[in-house]
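A.B. asks: Got a sequence here, can you model it:
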Amino acid sequence: MYLQKLSLVNFKNYDEAELTFVDGANAFTGNNGAGKTNLLDAIHYLSLCKSYFNPIDSQQIKQDRDLFMLQGLFEKNNKKETVTCGVKKNQKKQFKRNKKEYARLAEHIGLFPLVMISPNDVSLILEGSEERRKFIDTVISLTDANYLDQLIIYNKTLLNRNALLKQIADTGKYDPNLMSIFDEQLITCGNKIFEKRKSFMEVFTPVFNQHYQYLTEGAEFVELIYQSPLLDQSFEKLLKTNLEKDRILQRTSQGIHKDELVFQVHGNLPLKKFGSQGQQKSFLIALKLAKYSFIYQNKGFKPILLLDDIFDKLDDSRITKLMKMVSEDDFGQIFITDTNASRVKRIFDDIGVSLNLFEISKGTANQ
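C.D. replies: This next block holds a predicted model:
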């Protein structure tokens, strides 16, 4: 699978643009603020129905315009596939595949998968556990539509149970039957999600380790650890044991919504505090490359790889190893952004790989 053409109208800083790509390495170069990353985000939007950077759809519309349009022409399994997206202010966004609109956007997720590596990924290290759970959930959802449905049901049930706990605190009236119904729904969905996350991590962790060791030439030891309260107790027992605590807190204190993904370096030290910028960068890149490998193994075709400004904080050795890796047969189409066109050309000349280069300036793209 690869993206042949991308068309944009009123998207971020672009009035209108149409670009044609190769099924290999494509690079966007130009000054900061020129619009390089916006092109990656447009590709991300067509794949996952949302921006990588900003969850508010209307804020992707160019200033003083009323709507934006994106269109991508993909080739997948030797067939042409057209994906179109339109967002108009104060209206529901439209997503179409081959001119047919989706009933649910979830139907689109996983059809044209991609992996993006960006400086923003540092939030996986610096922010709370929700970011890391979201990472796991996104990877699994791209390969298992049923998992996404279970997550939606679980989160709705969790909201309902928390609302009931607040109501009990406000009124003093406790309805054990209604609580039991919510508990059963949480347990049913939660157990399925837990088992899927656990089996996912058993496959994912060795692949992550392999990528990290390759990038760092085995110079450092890091760990990726999955933690869940369900590893120690059944969900049913957790809910029963913590009911009184939940009533005091007015929220559900235990469950798979408390799962954590722990990043460690130098034995058992937190990467957030004890990892250098280079180690953190390598860790994040290895995470994303493992995500790529997992999707490829499960989908049977190569996702698209987006690399946004990743040369910053990586030494020349790691840059060369990374570019060699993503230019080999295990990887398909890649998109790279960098401020330095000569650096990108030199890297690809050194590894003997052809490059489709675009120079980006103030929302215009020139080859």
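A.B. asks: Who are the packing partners of the longest helix along the chain?
C.D. replies: Looking only at the chain and at elements set by DSSP state H, the helix with the highest residue count is helix 176-216. Applying 3 or more CB pairs under 8 Å, 6 or more residues apart in numbering; DSSP states H and E, one finds that helix 176-216 makes contact with helix 129-143, helix 145-171, strand 222-227, helix 235-241, helix 277-299, helix 316-326. Placement of C-beta: from N, CA and C, glycine included.
A.B. asks: Looking at these, which one is packed in the most?
C.D. replies: Here the criterion is mean neighbour count by mean count of other CB atoms under 10 Å, and of the helices and strands packed on helix 176-216 the winner is helix 277-299, at a mean of 21.
A.B. asks: Check the model's average confidence along that helix for me.
C.D. replies: For helix 277-299, the mean per-residue pLDDT is 92.
A.B. asks: for stretch 6-24, same thing?
C.D. replies: Mean predicted confidence for stretch 6-24 is 96.
A.B. asks: Can you get me the start-to-end distance on that stretch?
C.D. replies: Taking CA to CA, to the nearest Å as the measure, stretch 6-24 stretches 15 Å from start to finish.
A.B. asks: buried residues in it?
C.D. replies: When burial is assessed from 16 or more other CB atoms under 10 Å, stretch 6-24 yields the following buried residues: 6-14, 17, 19, 21, 24.
A.B. asks: Now distance to Phe112 too, for the helices and strands packed on helix 176-216, in a markdown table please.
C.D. replies: Conversion of those to a markdown table gives the following (distance: least, CB to CB, whole Å):
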| stretch | distance to Phe112 |
| --- | --- |
| helix 129-143 | 10 |
| helix 145-171 | 14 |
| strand 222-227 | 27 |
| helix 235-241 | 35 |
| helix 277-299 | 10 |
| helix 316-326 | 19 |
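A.B. asks: wait, which of the ones you listed is closest to Ala106?
C.D. replies: Within the helices and strands packed on helix 176-216, the stretch nearest Ala106 is helix 145-171; the backing value is 5.7 Å (CB to CB).
A.B. asks: what's the angle from the helix or strand hosting Ile43 to helix 129-143?
C.D. replies: With elements taken from DSSP states H and E, the one containing Ile43 is helix 36-48. Taking axes from the mean of the first three to the mean of the last three CA atoms, to 10 degrees, one finds helix 36-48 and helix 129-143 inclined to each other by 60 degrees.
A.B. asks: Provide the contact partners of helix 36-48 at residue level.
C.D. replies: 3, 6, 8, 11-14, 19, 28-30, 50-53, 60, 70-72, 83, 85, 109, 112-114, 116, 118, 304, 306, 308-309, 335, 337-338, 360, 363, 365 (CB atoms under 8 Å, 6 or more residues apart in numbering).
A.B. asks: what does stretch 158-170 give?
C.D. replies: Residues outside stretch 158-170 that contact it (CB under 8 Å, 6+ apart): 173-175, 178-179, 182-183, 186, 246-247, 249-252, 255, 257.
A.B. asks: circling back: which members of the buried residues of stretch 6-24 occur in strands, if any?
C.D. replies: Of the positions in the buried residues of stretch 6-24, 6-11, 14, 17, 19 sit in strands, assigned by DSSP state E.
A.B. asks: Could you work out the most separated pair of the residues you listed?
C.D. replies: Taking CB to CB, the two most distant members of those are Asn10 and Leu19; they sit 15.9 Å apart.
A.B. asks: what stretches of the stretch 251-367 of the chain score poorly on pLDDT?
C.D. replies: 313 (pLDDT under 70).
A.B. asks: Now with 80, please.
C.D. replies: For the stretch 251-367 of the chain, residues meeting the criterion pLDDT under 80 lie at 267, 312-318, 327-330.
A.B. asks: and Val353, what is it in contact with?
C.D. replies: If you count contacts by CB under 8 Å, 6+ apart, then Val353 has 24-25, 323, 327 around it.
A.B. asks: Please repeat the previous calculation with a cut-off of 10 Å.
C.D. replies: 24-25, 323-324, 326-328, 334, 347 (CB atoms under 10 Å, 6 or more residues apart in numbering).
A.B. asks: that older thread, nearest to Ile225, of the contacts of stretch 158-170?
C.D. replies: Using CB to CB, the shortest approach to Ile225 within the contacts of stretch 158-170 belongs to His257, at 18.2 Å.
A.B. asks: circling back to that earlier point, which of the helices and strands packed on helix 176-216 sits closest to Ser342?
C.D. replies: Checking the helices and strands packed on helix 176-216 against Ser342 by CB to CB gives helix 316-326 as the closest, at 14.0 Å.
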